[in-house]
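Engineer: give me a 3D structure for the following:
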Amino acid sequence: MPLYLSQHTLACLTRQGADALAQRFLKMFCEFRAESREVLEAWLKSEGMHFDWLLRIEWLTSGGPLQPAV
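Structural biologist: Here you go, the predicted structure:
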C-alpha cells in the first residue's frame, strides 16, 4: 500500500509558541498508508484534519541503497 507524508501547521504562533512547538516537532509530520491520495485526503477531511500538503513516498533507505517504498 502506498506510503504518504503530510505536514500540518498551526496558525498564529508566537515566538514562544513556536519555541514550544519545536520541542514537539515530530508531531507536525504524519506518516500514513492509504490506497490512494484521494482516499487519504477524503479521510483527513472527514476527521476535520487540516493539512498543508501530502507527499507520496516513493523511495526509502535505512543506511543502505534506496529501495522502493511499496
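Engineer: all contacts plus neighbour counts: C-alpha atoms, from now on.
Structural biologist: Will do.
Engineer: quick check: Leu13 vs Ala20, distance?
Structural biologist: 10 Å (Cα to Cα, to the nearest Å).
Engineer: give me the distance from the lowest-mean-pLDDT helix or strand in the chain to the chain's centre.
Structural biologist: The weakest-scoring helix or strand in the chain, judged by mean pLDDT, DSSP states H and E, is helix 15-22 (a mean of 74). Taking Cα atoms, centre = their mean, to the nearest Å, one finds helix 15-22 lying 19 Å from the centre of the chain it belongs to.
Engineer: contacts for that helix, please.
Structural biologist: For helix 15-22, contacts defined as Cα atoms under 8 Å, 6 or more residues apart in numbering pick out no residues.
Engineer: can you list the strands that the helix or strand just after that helix pairs with?
Structural biologist: Next helix or strand after helix 15-22 toward the C-terminus (DSSP states H and E): strand 29-33. Neighbouring strands of strand 29-33 in its sheet, by DSSP bridges, are strand 3-7 (antiparallel).
Engineer: quick one: low-confidence parts of the chain?
Structural biologist: The chain contains residues with pLDDT under 70 at 8, 10-11, 21, 24-26.
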